[in-house]
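Asker: How does the following fold in three dimensions:
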Amino acid sequence: MAVVLQWRGKIAMLKRSNTVGHDRGRWHCITGYLEPGASPREQAVLELAEETGLTRTEILDLAPGPTLTLIDNTGATWIVHTFTAMTSKRRLSLDWEHESFRWTAPEKTARFANRVPWLDTVLAATGHLGL
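Answerer: Numbers count the residues shown, from 1 in each chain. A predicted model of the protein is given here:
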């Protein structure tokens, strides 16, 4: 699951911490695994709360995007449920998975040179990046 977080027309770019198992130091969006018994929407709300500290009332809208099939650098196939979450809150409370975040205009994400390879695909699929 991948959630693009939006505030006042900007999107959040989150930098993975050095304590995570993969994509250390890379910029990306909110992600998570779909837990057994959870719907993609429920999991998106849970990941937003865990990774950014946002409460349900601070999530103004959670719009589903397309479900993507992505292949990682090991050849593994991933089914990725995408969402766009709108928030009224500028400040985020990051958990251990991230060391920092930046709000940026969607057309400026290329400035984040150390992005996860699949991020542009998710941004394009959710309407945040023109291809």
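Asker: Strands of the protein, start to end?
Answerer: Ranges of strands within the chain are 2-7, 10-16, 27-28, 30-31, 59-71, 77-87, 98-104, based on DSSP state E.
Asker: Low-confidence bits of this structure, can you list those?
Answerer: Within the chain, the stretches with pLDDT under 70 are 130-131.
Asker: Could you check the angle the top helix by length along the chain makes with strand 98-104?
Answerer: Identified as the longest helix of the chain according to DSSP state H is helix 40-52. If you take axes from the mean of the first three to the mean of the last three CA atoms, to 10 degrees, helix 40-52 sits at 110 degrees to strand 98-104.
Asker: contacting residues around helix 40-52?
Answerer: 1, 3, 5, 12, 14, 30-35, 38, 54-56, 59, 62, 64, 81, 83, 85, 92-95, 97-98, 101 (CB atoms under 8 Å, 6 or more residues apart in numbering). For every residue, glycine as well, the C-beta is placed using N, CA and C.
Asker: Could you tell me the angle between that helix and strand 59-71?
Answerer: On the basis of the same axes, to 10 degrees, helix 40-52 is oriented at 100 degrees to strand 59-71.
Asker: can you give me the offset of helix 40-52 from its chain's centre?
Answerer: Distance of helix 40-52 from the chain centroid (CA atoms, centre = their mean, to the nearest Å) equals 10 Å.
Asker: just to revisit the earlier point, and the contacts of helix 40-52, which are buried?
Answerer: Buried residues within the contacts of helix 40-52, defined by neighbour count using 16 or more other CB atoms under 10 Å: 1, 3, 5, 12, 14, 30-32, 34, 54, 59, 62, 81, 83, 85, 92, 97-98, 101.
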